[in-house]
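Undergrad: Prediction below, plus the sequence it came from.
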Amino acid sequence: MATNYPAHIWHNGKIKPWAEATTHVMAHALHYGSSIFEGIRSYETPKGQMIFRLGDHLKRFYNSAKVYDIKLPYTQEQLAAACREVIKVNKLPTAYIRPVAFRGAGGPLSLSADAPIEVAVGAWMLGAYLGDGVLEQGIDAGVSTWQRFAPNTIPAGAKAGGNYLSGALIAREARRLGYGEGIALASTGLLSEGAGENLFLIFDGVLHTTPASASILAGITRHCIMILAKDAGIEVVERDLPRETLYFADEIFMCGTAAEITPIRSVDGKPVGTGKPGPLTLRMQELFFGLFKGTTPDKHGWLDPVA
Ligand code: PMP
């Protein structure tokens with residue numbers, strides 16, 4: 001995980017020193033979780049540095065804002081330019097980019113108040129999110145005692161700051177119990193997703209992933225994996241999955257912008273398949289990372305140049 005942040009950040013329309021991008025302690029979002037954000041990666045490729053699915057991430061950012069009536073004072077083009085700018089100004093060779101918008105300080109501190117909206121875009125270098133070597137070796141996961149929020153409580157499809165109280169409970173419990181990550185069930189008792197990652201289970205050469213109705217964030221990496229698999233003639237099924245399928249699966253992996261494709265080698269202490277990343281997981285990693293190495297053609301126009 002990044003601990004050294006770069007020198008500059010984009011905040012409310014301007015590039016400024018990282019330390020100067022501050023807000024007031026009475027900011028609405030700090031009290032009520034009223035923020036929305038994105039996590040985006042850029043990669044080095046043979047054609048220069050590329051931002052992965054920038055337009056799709058920003059589209060989700062605007063959709064999340066719409067759910068909470070957060071009126072973004074910038075166009076999608078301006079925010080795309082800000083994403084490129086923070087990479088360039090900090091001379092980052094690869095980046096994890098974090099756009100965030102939130103209800104700030106200045107208005108009445110009430111739930112329905114339209115506090116002034118602040119927007120920032122930070123970027124820094126980020127290695128494997130779930131730890132060094134996990135992409136190769138996989139992680140040990142555990143099913144959380146915390147469930148994801150029910151669909152009629154907090155919308156899982158909006159990437160809002162407040163949602164991540166759930167993610168933090170799941171992730172912190174998992175770390176406390178010695179797991180690399182936690183897997184949550186939905187309020188239905190069926191499988192949902194990881195604390196900050198979507199799930200794929202593999203049975204007999206077919207990829208199975210949980211549906212939007214299982215209180216997941218419909219991940220852009222998940223979507224990319226579904227498309228790459230279909231392009232490669234690998235079947236993908238989106239369906240309800242009961243918990244025990246975690247113990248029956250031949251292979252399991254988690255995916256997300258930060259986690260990329262992280263194999264799961266055990267769940268609740270039970271080995272997944274052979275206990276090592278399986279062939280289809282490795283194949284999906286090869287296709288996914290191939291987009292950046294240049295071995296998987298960018299057929300869908302997912303790569304956006306930084307320069
Ligand atoms: N689920 C949750 C709860 C997440 O926070 C993330 C990370 N944004 C994902 C899934 C994966 O989404 P994406 O592939 O778009 O990063």
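TA: The structure has been received and is ready for your questions. Residues are numbered from 1 along each chain as shown.
Undergrad: Gly142 should be in a strand, yeah?
TA: Yes: under DSSP: H, G, I helix; E, B strand; the rest coil, Gly142 falls within a strand.
Undergrad: Next, give phi and psi for the closest residue to the ligand within the stretch 1-150 of the chain.
TA: Of all residues in the stretch 1-150 of the chain, Gly39 sits closest to the ligand, at 5.0 Å by CB to the nearest ligand atom. For glycine as for every other residue, the C-beta is placed from the backbone atoms N, C-alpha and C. Per-residue torsions, Gly39: phi -130, psi 120 (degrees, to the nearest 10).
Undergrad: which ones are touching it?
TA: Gly39 makes contact with 57, 96-98, 256-258, according to CB atoms under 8 Å, 6 or more residues apart in numbering.
Undergrad: Which one of the residues you listed sits in the busiest neighbourhood?
TA: Highest neighbour count within the contacts of Gly39, by other CB atoms under 10 Å: Ile97, with 26 neighbours.
Undergrad: Kindly report the residues of the stretch 51-200 of the chain close to the ligand.
TA: 167, 193, 196-198 (CB under 6 Å from any ligand atom).
Undergrad: follow-up on the earlier one: from the contacts of Gly39, which ones fall inside strands?
TA: Using DSSP state E, the members of those that fall within strands are 96-98, 256.
Undergrad: Which residues does the residue lying closest to Cys83 once chain neighbours are set aside form beta bridges with?
TA: Of all residues not flanking Cys83 in the chain, Ile97 sits nearest, at 5.1 Å (CB to CB, 6 or more residues apart in numbering). Under DSSP bridges, the beta-bridge partners of Ile97 are Ile40, Ala123.
Undergrad: okay but Ile97 is in contact with Gln49, surely?
TA: No: Ile97 is beyond contact range of Gln49, at 11.4 Å (criterion: CB atoms under 8 Å).
Undergrad: residue ranges with poor pLDDT in the stretch 51-200 of the chain?
TA: Nowhere does the stretch 51-200 of the chain drop to pLDDT under 70.
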